[in-house]
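Asks: Model the following, please.
(4 chains)
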Number of protein chains: 2
Amino acid sequence: MDDSVDASIVAEVARDPRATLAHLSERVGLGVSAVQARLRRLESSGVITGYRAILDPEAVGKPLSAFIEITPLDPSQPDNAPELLEHLPEIEACHSIAGDASYILFVRVATPRDLEALIRDVRLAASVSTRTTVVLQTFYENRPIALASS
Amino acid sequence: MDDSVDASIVAEVARDPRATLAHLSERVGLGVSAVQARLRRLESSGVITGYRAILDPEAVGKPLSAFIEITPLDPSQPDNAPELLEHLPEIEACHSIAGDASYILFVRVATPRDLEALIRDVRLAASVSTRTTVVLQTFYENRPIALASS
DNA sequence: CCTGAAAACCATGCATG
DNA sequence: CATGCATGGTTTTCAGG
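Replies: Model prediction:
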């Protein structure tokens, strides 16, 4: 992201990825083609890595979410838990962390029983112990990243 | 989300919110106008709550992320921490949780000093104690919600 | 709730400055 | 690196079933 024009494009597209080039164009004061070229460069250079629709978890049948902290059972073994867990679609995010646990997952499921099954799958797939914190209510999430220069 | 056609539309749009109606149309076997009407209904009924571009946090100057668990200092007071913190743009998500803490935040900042300042802001704004877990590495995040029927 | 078609709008590539 | 234009594709609206 070179300059403030790119920053404006990124900020606007982060908020509304379906905005037309014409709309972005008048917002940043450049021609449509110039905006298109910049947007493409932002995509291919990896500043913009993808697009998503934000869904209402309850409306799509995943009303229960949780954090699962995981710790390898055998710390002497090479540890590729993130890879081993990647195939589980209930896992929305996987971070390694500084703290008691090695990793933290954010997961979404339909029911407590599904959460139980998922925890079991995680333990078996990655040979880890787990500590799960259930989310009671989500006040907000997926807020767009606030850019330094926008 | 009434039926399997809506489910397909939602699944596809979640993955690629910039897909054209024509593309969705041939994927679900309905005319373009029908798909457009369904998509609009999914938006206005709150199944699809918005769209986002996924940005590379490092490329946009927020390479440091963390979880901040927060606990009200005075449990007898009415507690509206989420509201009190909503104005802090570094906070990407805020959940209430079952566990030792009352809430957990996911935050993104540029530097450790910014994290320190943010933690201070959180404590002051919401009258809470905090426990912060720094993210060392993100293996994946923002994976699309896997739909029950897609 | 769907289709199909007309009109407005938009993205794309290229020639040019 | 930006512009403006020509073209083909896309969205939008509406009449009709």
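Asks: C-alpha from now on. contacts and neighbour counts both.
Replies: Will do.
Asks: where's the closest residue to DNA strand D within chain A relative to B:A22, distance?
Replies: Closest contact between chain A and DNA strand D, by C-alpha to the nearest atom of the strand, is at A:G31 (3.0 Å). Taking C-alpha to C-alpha, to the nearest Å as the measure, A:G31 falls 27 Å from B:A22.
Asks: shaky segments in chain A?
Replies: Applying pLDDT under 70 to chain A picks out residues A:149-150.
Asks: what does it have sitting close to DNA strand C?
Replies: A:19-23, A:32-33, A:36 (C-alpha under 7 Å from any atom of the strand).
Asks: same thing but at 10 Å, please
Replies: A:17-25, A:31-37, A:39-40 (C-alpha under 10 Å from any atom of the strand).
Asks: now, which of those lie within helices?
Replies: Under the assignment DSSP state H, these contribute A:21-25, A:32-37, A:39-40 to helices.
Asks: Need these in a markdown table (columns: distance to chain B and neighbour count).
Replies: A markdown table is the format used below for these (distance: C-alpha to the nearest C-alpha, whole Å; neighbours: other C-alpha atoms under 10 Å in any protein chain shown):
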| residue | distance to chain B | neighbour count |
| --- | --- | --- |
| A:L21 | 12 | 18 |
| A:A22 | 15 | 14 |
| A:H23 | 15 | 13 |
| A:L24 | 14 | 21 |
| A:S25 | 17 | 17 |
| A:V32 | 18 | 17 |
| A:S33 | 18 | 12 |
| A:A34 | 20 | 13 |
| A:V35 | 16 | 22 |
| A:Q36 | 14 | 17 |
| A:A37 | 17 | 11 |
| A:L39 | 12 | 20 |
| A:R40 | 13 | 13 |
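Asks: Tabulate those residues (JSON lines), appending distance to B:I97.
Replies: Compiled in JSON lines, these are given as follows (distance: C-alpha to C-alpha, whole Å):
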{"residue": "A:L21", "distance to B:I97": "41"}
{"residue": "A:A22", "distance to B:I97": "43"}
{"residue": "A:H23", "distance to B:I97": "40"}
{"residue": "A:L24", "distance to B:I97": "39"}
{"residue": "A:S25", "distance to B:I97": "43"}
{"residue": "A:V32", "distance to B:I97": "46"}
{"residue": "A:S33", "distance to B:I97": "47"}
{"residue": "A:A34", "distance to B:I97": "46"}
{"residue": "A:V35", "distance to B:I97": "43"}
{"residue": "A:Q36", "distance to B:I97": "43"}
{"residue": "A:A37", "distance to B:I97": "44"}
{"residue": "A:L39", "distance to B:I97": "39"}
{"residue": "A:R40", "distance to B:I97": "40"}
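Asks: What is the nearest of the residues you listed to B:R108?
Replies: Comparing those against B:R108 with C-alpha to C-alpha places A:L39 closest, at 23.5 Å.
Asks: which residues in chain A form helices?
Replies: A:4-15, A:21-28, A:32-44, A:81-85, A:112-126.
Asks: How about the residue nearest to the spatial centre of chain A: what's its closest non-neighbour residue?
Replies: The centroid of chain A falls nearest to A:A93 when counting by C-alpha atoms, centre = their mean (5.8 Å). Nearest residue to A:A93, sequence neighbours excluded (C-alpha to C-alpha, 6 or more residues apart in numbering or on different chains): B:E141, at 3.8 Å.
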